[in-house]
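1. Just the structure for this:
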Amino acid sequence: MTRHELKAQLEHDQFTDTVSGAIAYASSHREVVIRWAVIGGVALLLAIGGYWYYSHQKSVRQQDLSAALSVVDTPVGPANEYGKTFPTEDAKRKAALQALSGVVSKYPGSRAGLIAQYYRGTLEARAGDVKSAETDLRAAANSDSEVAPLARIALAQVYLGEKKMSEAQGLLREIIRSPTSLVSKAQAQILLAKADETVNPVESKNILKSIDKSDQGRPAVSRAADQLSSQLAK
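-> Below you'll find the model as predicted:
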């Protein structure tokens, strides 16, 4: 191959022809190229904007949840210079329920909304509003939120208080089958044994015997199991 032939081949290789064709197309279809470039730029801006909006909204939800939980954590007592207090438990409960309800209604189904709903359910249960407590705790318990295991435990305790034994036992057995870092198998077993204490004391004793007490990170589990075993032995 002569130098002239090699030069001619290099000048017409696939890449060169492709680039040349693209340049020629862009020159003859300038408006189309500009239009698609603008569309691509808008799509990119929308993607960036969507991500920013999601991040911003998540931050806002977290801030609103934190503000509501700070009301839940506010102490009851005389006013002092160190921070806000509530004069009575009733005043605190009303303020906490209002703050949590604001998050639930503003962010229904979101992580923040479900956490607020779980806390609201526990406060309603303490106040004796069982119907509302069941509704809130059931919503949190059936979610994929991190508070779901805690909501199941709280809902089981509400059921026990209402003498709904089968519902409570079903929830506790579900936790025993699928324990989490927040609610261990042993904790659910103790509650189930407690539930069976009066209706089926033999089964209650069997459950307590099957509890694994080797978890040194949860000494309260062993103490609770031993205490309940002592009660059943009397």
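
2. Give me the next element, helix or strand, following the one helix or strand Gly170 maps to.
-> Gly170 is part of helix 165-177, with elements assigned from DSSP states H and E. The helix or strand immediately downstream of helix 165-177 is helix 185-196, counting by DSSP H and E.

3. which other helices and strands contact that next one?
-> Where contact means 3 or more CB pairs under 8 Å, 6 or more residues apart in numbering; DSSP states H and E, helix 185-196 is packed against helix 148-161, helix 165-177, helix 201-209, helix 219-233. C-beta coordinates here come from the backbone N, C-alpha and C atoms, glycine included.

4. Can you list the buried residues in the helix holding Gly170?
-> Neighbour-count burial for helix 165-177, counted by 16 or more other CB atoms under 10 Å, picks out 167-169, 171-172, 175-176.

5. Likewise for stretch 142-162?
-> 143, 145, 147-160.

6. Quick one: mean pLDDT for that stretch?
-> The average pLDDT within stretch 142-162 is 89.

7. quick one: contacts of it?
-> Outside stretch 142-162, the residues that touch it by CB atoms under 8 Å, 6 or more residues apart in numbering are 109, 111, 114-115, 118, 121-122, 125, 130, 133-134, 137-138, 140-141, 165, 167-168, 171-172, 174-175, 180, 182-183, 187-188, 191, 194-195.

8. One more: stretch 77-85?
-> Contacts for stretch 77-85 (CB under 8 Å, 6+ apart): 74-76, 86-87.
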